[in-house]
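A.B. asks: 3D, please:
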Amino acid sequence: MHQSRAGAVLVAVLLVAGCGAGRRDAAGTPPVSAPSATVAPTPSATAGSFNPTDIAWLQLTAAMAERLLPVLDLVPARTTDPVWRRTAAQVAAAQRADLDHARRLLAEAGAPTTNPHEGHDMPGMVTAEQLTALRSATGTPLHRLLTGHLRAHLTQSVRIAAAEQQNGVQPATVALAAAITRNATTHLTHLPPPPPA
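C.D. replies: Below is the predicted model of the structure:
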């Protein structure tokens, strides 16, 4: 597939699944080992080696992590449940590592530092209204909201990482997508079950 077509494919995926689109739900995932933070891939990047798919995926990955981290940061103050505290800490560590790596790769690519998805409510992203609801929730209602938001975010992360792995060309970026897929799948498998309604 030519680079221009690869970029168009991911852009189309992002538009169909992206800005302003309705919310999504998670599919089942295979069991894997215990969750861990994403390990940063080692290949180095050069600005000339990125295609539009690489850039688009890195920008969306960074935007999604920026939306999820405030949710995870709420957990210690909103629940005493040790399973949820541990889950939030593990996912937050992975998200921070992914965000840092995505930003470094965007800088190496010479991509704009601004967030092109700022203000967009896309699949996998928690909206401002939902964050407000989370800030006032505790106990079972909080756990139910967390389950839904984390499942949506992680599922969408796997979807867009698959597009990058298929159509991206920059080795470190494709490697990051593979690592995010592995870790997101692991976190999905280990999410606490939703509380009964």
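A.B. asks: Need the residue closest to the centroid of the protein.
C.D. replies: Note on the chain: the residue nearest the mean C-alpha position is residue 157, at 4.3 Å, using CA atoms, centre = their mean.
A.B. asks: Tell me how far it lies from residue 90.
C.D. replies: Distance, residue 157 to residue 90, using CB to CB, to the nearest Å: 15 Å. Every C-beta, even on glycine, is put in place using the N, C-alpha and C of the backbone.
A.B. asks: give me phi/psi at residue 155?
C.D. replies: Dihedral pair for residue 155: phi -60, psi -40, per degrees, to the nearest 10.
A.B. asks: Tell me the pLDDT of it.
C.D. replies: With respect to pLDDT, residue 155 scores 97.
A.B. asks: I figured it was touching residue 189, is that so?
C.D. replies: No. If you go by CB atoms under 8 Å, residue 155 and residue 189 don't touch, sitting 11.9 Å apart.
A.B. asks: The two: which is more packed in?
C.D. replies: residue 155 (19 against 16; other CB atoms under 10 Å).
A.B. asks: Centre of the chain to stretch 64-72, how far?
C.D. replies: Centroid displacement of stretch 64-72 relative to its chain, using CA atoms, centre = their mean, to the nearest Å, is 9 Å.
A.B. asks: Packing partners of the one helix or strand residue 135 maps to?
C.D. replies: Element membership of residue 135, judged by DSSP states H and E, is helix 128-136. With contacts defined as 3 or more CB pairs under 8 Å, 6 or more residues apart in numbering; DSSP states H and E, the packing partners of helix 128-136 are helix 52-78, helix 139-167.
A.B. asks: now for the last one, which elements pack on it?
C.D. replies: This points to helix 139-167. helix 3-17, helix 52-78, helix 82-109, helix 128-136, helix 171-189.
A.B. asks: so which of these gets nearest residue 195?
C.D. replies: helix 82-109 (10.5 Å; CB to CB).
A.B. asks: Next, the buried residues of the closest one.
C.D. replies: Residues of helix 82-109 classed as buried by neighbour count (16 or more other CB atoms under 10 Å): 84, 87-88, 90-95, 97-99, 101-103, 105-106, 108-109.
A.B. asks: Leaving out chain neighbours, which residue sits closest to residue 74?
C.D. replies: Leaving aside its sequence neighbours, residue 74 sits nearest to residue 134 (CB to CB, 6 or more residues apart in numbering; 5.8 Å).
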